[in-house]
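**Student:** Test case, fold it:
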Amino acid sequence: MTRIISPSMLSADFGNLERDTQMIDRSAAEWVHIDVMDGVFVPNISFGFPVMKPIRKATEKVLDVHLMIVEPEKYVRRFVEAGADYVTFHYEATENIDLCIREIRDAGAKVGISIKPKTEVAVLKELLHKVDMVLIMSVEPGFGGQSFIEGSLDKISELKALRDELGLDFLIEVDGGISAKNAGELFAAGAEALVAGSAVFGAEDPEQEIVKMLEA
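**Tutor:** Here you go, the predicted structure:
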């Protein structure tokens, strides 16, 4: 069974970005998660292309870019050019889903699509054969440090059942309120990739915390 931890750079020390990225690079985490927020789709602003460059330079690991921005189809190609390996956009953020998928794919990255906590898994059914990953938000997007929304576990199970029914092989990623305490049940429900920010960077030993999640 695939188990991937994708530490979120939103919780890193921005004064020591290279140091924290290199820590992830040494760790058992396979991915580096980059949250991009525009202050429109979500009530917060994070970072964009300039910050991605030093992160890309500091690690060879998979850059897992999560766009919480409106009209992502305008920007996805630039994120791929900046080093993204996966680009995930929100179902709720665009009226041009097929264009967004095509732009990411044509630029050479893998395609992820995400849904907010109140969006039903069923809305994705006709899109699942077009993507490489589905990101289930287990908190409201826009802020780090929130508590896990318990109903998210059912959505993971539902998505896994739908994947099995359709005979597809996209990855299931979960983001929000994740720690070593709930990682095990999330993997058991069908998730393969878990995003963790404050649980990793707030730990006394971040590298050991990543191992605890993987072994949960």
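**Student:** Where does the residue nearest to Gly83 when sequence neighbours are not counted sit, in terms of helix or strand?
**Tutor:** Nearest residue to Gly83, sequence neighbours excluded (Cβ to Cβ, 6 or more residues apart in numbering): Arg56, at 3.4 Å. Any C-beta I mention is one placed from the backbone N, CA and C, and that applies to glycine too. Assigned by DSSP states H and E, Arg56 belongs to helix 49-58.
**Student:** Next, the contact list for Ala180, please.
**Tutor:** 199, 209, 212-213, 216 (Cβ atoms under 8 Å, 6 or more residues apart in numbering).
**Student:** Now do the contacts for the residue nearest to Gly83.
**Tutor:** Here Arg56 is in contact with 63, 82-83 (Cβ under 8 Å, 6+ apart).
**Student:** pull the longest helix from this protein.
**Tutor:** Determined from DSSP state H, the single longest helix within the chain is helix 152-166.
**Student:** quick one on the thing from earlier: ok, now how distant is the residue nearest to Gly83 from Asn44?
**Tutor:** 23 Å (Cβ to Cβ, to the nearest Å).
**Student:** how about the residue nearest the centre of the chain, secondary structure?
**Tutor:** The centroid of the chain falls nearest to His66 when counting by Cα atoms, centre = their mean (5.3 Å). Three-state assignment for His66 (DSSP: H, G, I helix; E, B strand; the rest coil): strand.
**Student:** right, and out of the contacts of Arg56, which lies closest to Val40?
**Tutor:** Ala82 (20.4 Å; Cβ to Cβ).
**Student:** Return the distance of the closest one relative to Val65.
**Tutor:** 8 Å.
**Student:** Give me the common contacts of the two.
**Tutor:** Common neighbours of Ala82 and Val65 (Cβ under 8 Å, 6+ apart) are Met52.
**Student:** Helix or strand for Glu103, just tell me which one.
**Tutor:** helix 97-107.
**Student:** Packing partners of that helix?
**Tutor:** Counting contacts by 3 or more Cβ pairs under 8 Å, 6 or more residues apart in numbering; DSSP states H and E, helix 97-107 is packed against helix 76-81, strand 86-90, strand 110-115.
**Student:** List of residues touching that helix?
**Tutor:** 72-73, 76-77, 80-81, 87, 89, 91, 94, 110-111, 113, 127, 130-131.
**Student:** Check stretch 192-204 too.
**Tutor:** 1-8, 10-13, 20, 29, 31, 33, 64, 66, 133, 135, 144-145, 171-176, 178-180, 183, 186-187, 206, 209-210, 213.
**Student:** Please compute how far it lies from its chain's middle.
**Tutor:** 12 Å (Cα atoms, centre = their mean, to the nearest Å).
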